[in-house]
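# Below are the sequence and a predicted model for it; my questions follow.
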Protein chains: 2
Amino acid sequence: MSFQTVRETNLGVVLRTVRAMAPCSRAAVASATGLNKTTVSSLVSDLISRGLVRETGVTAEHRVGRPGVMLALDETSMAAIGVEVNVDYLSVVAVDLLTHDLLTRHVPFDARSAGPDECVRQIAATVRETMDGPELSGRTVVGVSLAVPGLIDTATGTVRRAPNLGWVEVPLRDLVRDLLPDPGLPVQVDNDANLGALAEYLTGSFARTPDLVYLTGEVGIGAGLVTGGELLRGTGGFAGEIGHVPLTEEGPACACGRRGCLEALAGIDPILREAVPDRVPDRFLSASDITALVAVAVERATAGDATAVDAFERAGTWLGRGVAMLANVVNPRVVVLGGYFVPMGPWLLPNCRATASADVFAPDAGGCRVELSSLGLSAAARGGAAAMVHALDAGLLPLPAPRVRAG
Amino acid sequence: MSFQTVRETNLGVVLRTVRAMAPCSRAAVASATGLNKTTVSSLVSDLISRGLVRETGVTAEHRVGRPGVMLALDETSMAAIGVEVNVDYLSVVAVDLLTHDLLTRHVPFDARSAGPDECVRQIAATVRETMDGPELSGRTVVGVSLAVPGLIDTATGTVRRAPNLGWVEVPLRDLVRDLLPDPGLPVQVDNDANLGALAEYLTGSFARTPDLVYLTGEVGIGAGLVTGGELLRGTGGFAGEIGHVPLTEEGPACACGRRGCLEALAGIDPILREAVPDRVPDRFLSASDITALVAVAVERATAGDATAVDAFERAGTWLGRGVAMLANVVNPRVVVLGGYFVPMGPWLLPNCRATASADVFAPDAGGCRVELSSLGLSAAARGGAAAMVHALDAGLLPLPAPRVRAG
C-alpha cells in the first residue's frame, strides 16, 4: 500500500467518522479513529480544502473543558447526480453530501422509440443541464449514476440487454462520458431495481432494514434485493430478475420472448390494457400515453369502475405470487412496491398481501410485509445519487480536488 | 469487553492464524497478528493445553536463520459431530479440527412414523454412541449440530414446522441436550439445506464458490443459499424454501397443503411413484422402501426402461424450472443437486440444464452451472460438523477446557 493510498484511506475514515459523529471536535475524531491528533488535523484540513468538511460554530455544551471548534460535513460544496432511464421517462435527482435533495426532475421521454443513440444524447444533455443549472451553482459534481431497467455489467458500465428499451450490448458509461465536458468525471451504470433498493435502504421509509426487496413498478418489473444490509448482485450481477419468472404456463407473451412472465401479467402495460381498454391505443404505449392512462385508470378505480378495479386487483394477485416466491427464496422483512404501483396501491395491496400470505411456506409470510414506496418515480435516480455519496465515503470514488479559497 | 473476553478473542485469532499458515512459528504468528511475542507464546501454550494446537517437528526449510519449533492444528484431540435427521434416515459425521472425517454412518430410520419423541431418543442415543465409540476415543467433543428438513428457529434450536416429518414447534435442541451426559455440550439446530450448502462451501467440490446454492434431493426439496460467501438466512431464517414454490396451477397436492409445489413434482416420492409404479406401495414410503426403490429405479433406467427414464427426465425438467427461478432471483455460480438426485443425475441433468437455460432471463443462464454433489446423503451432517469447527475458530463456541497431561 503506497503512502498516497494510506492517506486516501484515512481521508475516507475521517470523512465517515465526521458523518457519524457530527458535530464533533478534532480530538473526538482522533479518539474514535485511533489516529493521532496531528494526523487528524492534517486530514481535516485536507477535507476542508476539498469542500467535504467544514468548521461550525456549534460547541460541545455537554462536555467538560474548553469548547473547541466543531466539525460537520460540508453540505454546500459538492453534488452527486442520479439519472434513471426508463421506458417512458428520465428521472434526475441531485443530492448534497448529506444526501439531501438539491434538485429532482421528471422528464417524460420515449426512450423505447428514441433508441440508444438518441437516448445517450438526451442523458448527456440532461446531465450537462443539471450541472450548469442554478441548483448546483458553485458545486463540484463528484459522480453521475445511470439507472437502466436491464442486465448491466457494472464493471464496464455496459447494458447487456434491456428488452423493454430494445437495447443489446450498449456501452452506456463510455458513450455518455464522451459527451460530458470532463472526461475524468466518474460515471457508473447499474440496474434500476438495484438502485431503487439502495434508495429504500439508504434514504427511504424502510431505511436500515437489513433484508429488504424493492420491486419496480414500471413497464418492466425488477427486484432489487438487500440481504444482511448488502445488495445481492449474484455471480454475474443478474440477481433480481423476477419480472421474467414464469408464473403460469399458458400466460400472455412477454417482451423477453417467453410466456406468462410476472411482468407480462402485472407490468404497467398489461394492467392498463385491462383497466382502461377503451382508452388504450393498439400500439406500444408512449411515455405520455402511460402517464395519462395511469391517471385515468386510478381516477376510474377511485370512482368505483369495476373494470379498472378488477384489473388492479388481478394484478395484485399476480404480484402476490411474485412476492411469495421472493419470500420463500430470500425471506425479506419487507417488499416495497415502487413506481406506478404506488398510485394503484389501494387496490393492489389487499390481494397482493393475501396471496403472499397464502403462498409462503413459513407462517405469517415468514414475517414479510408488503408496503408502498414513498420515493415515487425517482427511487432509482435517488438511489444512484445516494450510492455515489456512499462510494465517496467508502473511498471508492476520487475525492474532489482541493480548492483555492479567497480570504 | 472484559479481560477474559479479550483473551478468548485472541485465542480465536491465533487459532485461525495457525489454521491459515501451518506449519508456522510463534514469531510468524506474532508478525501476522500484530500481537507481541510474549502474548502469542502464552496464547499458544493455552491452545496446546486445550488440545487445539500442537508443536511439530517440521522446520522452516526455506527461511533464513535458525529453524524454530513449528506449530500446526492438533487434529488428534477434538471432534465435532453432525447429525442429519431426514424423513427416512439419520446420517452422522464426526470430524477433527481439520474437518477430516473421523466417522460417517448412515442409518435408515423412519423418522416420519417414529414421531418427535422417539426421534429425540434415537438422536440422543446416536450421539452418545458416537461419543463413546472407538473412532472418537480420547477426544473432546466441542459441539453437536442437528440438521432437520424444516423451518428452524436457530436461536432457540426449535423446529417451527417440518411437514414431511409431521413436526410442529419441537424444541429439539433442549430435548436432545437433556438426554446427553454433559448438559454444557453446545448443541445447535439448523435447516438441512443450509447445512448442505455450508458443506459444499466449506468442504465440497465447489468449496469457496461465493455464490452457491445446494438443493436437497430428499422427500422434501430445500435450497441452501450462499451469497457473497455468506449463508443467506433472511429475516426470520426461512430463506431457501424453494420446495414450496408452486410451479403449476393444477399440480399434485403437496404435504404443505398447497398444489403444484416443486417438491410435489420432483421430490423423491413423486419421482418413485412415476418411475417404478408397479413397485410402489399405496402408503407413505418408509425408509427401507425409499432406499430399495431408488436402487430399482436407477437399475431400470440404466437398462433403458422407458417408464423410469421418462420419470427421471420429467423430474429434471421441473427441477430446471426451479433452478431457473433461483438463477433469476439470486444468480448463483452453481446449483448443486444433492441427496437422491445424485444417483439419478445422468437422467435428471440434461433436461434440468436445458430448461434452466431456456427459462433464465440473463444470457447463458446468468453463468449458472448445474452440477451433482459429491457429498452424498451425508452433506447436511458434514456441513453441521464443519460449521461447529468453524464456530470454534470464530470464537462462537466455548473452547475445550485445558487438559492435565501426563509427563
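In hand now; what should we look at?
# Can you point out the buried residues in stretch A:73-81?
Residues of stretch A:73-81 classed as buried: A:L73, A:D74, A:E75, A:S77, A:M78, A:A79, A:A80, A:I81 (neighbour count, 16 or more other C-beta atoms under 10 Å in any protein chain shown). (Glycine included, C-beta is placed from N, CA and C.)
# Phi, psi for the second one please.
When quoted as degrees, to the nearest 10, the phi and psi of A:D74 stand at phi -90, psi 100.
# Please give me every residue in contact with it.
A:I48, A:G51, A:L52, A:V53, A:R54, A:L97 (C-beta atoms under 8 Å, 6 or more residues apart in numbering or on different chains).
# a strand runs through A:E169, doesn't it?
Yes. According to DSSP: H, G, I helix; E, B strand; the rest coil, the state of A:E169 is that of a strand.
# you'd agree it is up against A:T156?
No. The criterion here is C-beta atoms under 8 Å, and A:E169 misses it with A:T156 at 10.5 Å.
# Using the three-state scheme, assign A:G138.
Once three-state DSSP is applied, A:G138 turns out coil.
# burial of it, as a residue count?
9 (other C-beta atoms under 10 Å in any protein chain shown).
# Just the CA atoms of stretch A:78-85, as PDB, please.
The C-alpha trace of stretch A:78-85 is given here as PDB (Å, rounded to 0.1, in the frame of the first residue of the first chain):
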ATOM      1  CA  MET A  78     -20.400  19.100  -3.700                       C
ATOM      2  CA  ALA A  79     -23.200  17.300  -5.500                       C
ATOM      3  CA  ALA A  80     -23.900  13.800  -6.800                       C
ATOM      4  CA  ILE A  81     -26.300  13.200  -9.700                       C
ATOM      5  CA  GLY A  82     -28.500  10.200 -10.400                       C
ATOM      6  CA  VAL A  83     -30.300   9.700 -13.700                       C
ATOM      7  CA  GLU A  84     -32.900   7.000 -14.300                       C
ATOM      8  CA  VAL A  85     -33.500   6.000 -17.900                       C
END
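# average model confidence for that stretch?
When pLDDT is averaged over stretch A:78-85, the result is 96.
# Around chain B, which positions in the stretch 101-250 of chain A sit nearby?
Contacts of the stretch 101-250 of chain A with chain B, taken as C-beta under 8 Å from any C-beta of the partner chain, map to A:151, A:160-161, A:210-211, A:223, A:225, A:227-228, A:230, A:232-246, A:248-249.
# Try it again at 7 Å.
Contact residues, the stretch 101-250 of chain A versus chain B (C-beta under 7 Å from any C-beta of the partner chain): A:151, A:211, A:227-228, A:230, A:232, A:234-236, A:238-242, A:244-246, A:248-249.
# Can you say which of those residues are buried?
Taking 16+ other C-beta under 10 Å as the criterion, what is buried in these is A:151, A:211, A:227, A:232, A:234-236, A:238-242, A:244-246, A:248.
# now the angle between helix B:306-330 and the lengthiest helix in chain A, please.
Longest helix of chain A, by residue count under DSSP state H: helix A:306-330. For helix A:306-330 against helix B:306-330, the angle by axes from the mean of the first three to the mean of the last three C-alpha atoms, to 10 degrees is 100 degrees.
# other SSEs contacting the helix or strand following helix A:306-330?
Next helix or strand after helix A:306-330 toward the C-terminus (DSSP states H and E): strand A:334-337. Strand A:334-337 sits against strand A:212-215, strand A:369-372, with contacts defined as 3 or more C-beta pairs under 7 Å, 6 or more residues apart in numbering or on different chains; DSSP states H and E.
# CA atoms only for the first one - export them in CSV, please.
Put plainly, it is strand A:212-215. C-alpha atoms of strand A:212-215 as CSV (Å, rounded to 0.1, in the frame of the first residue of the first chain):
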residue,chain,number,x,y,z
LEU,A,212,-35.4,-5.6,2.0
VAL,A,213,-36.7,-6.1,-1.5
TYR,A,214,-37.7,-3.2,-3.8
LEU,A,215,-40.0,-4.0,-6.7
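# Which neighbours in the sheet does it have, and how are they oriented?
Partners of strand A:212-215 in the sheet, by DSSP bridges, are strand A:223-227 (antiparallel), strand A:334-337 (parallel).
# Pick the most buried one from those strands.
strand A:223-227 (a mean of 28; mean count of other C-beta atoms under 10 Å in any protein chain shown).
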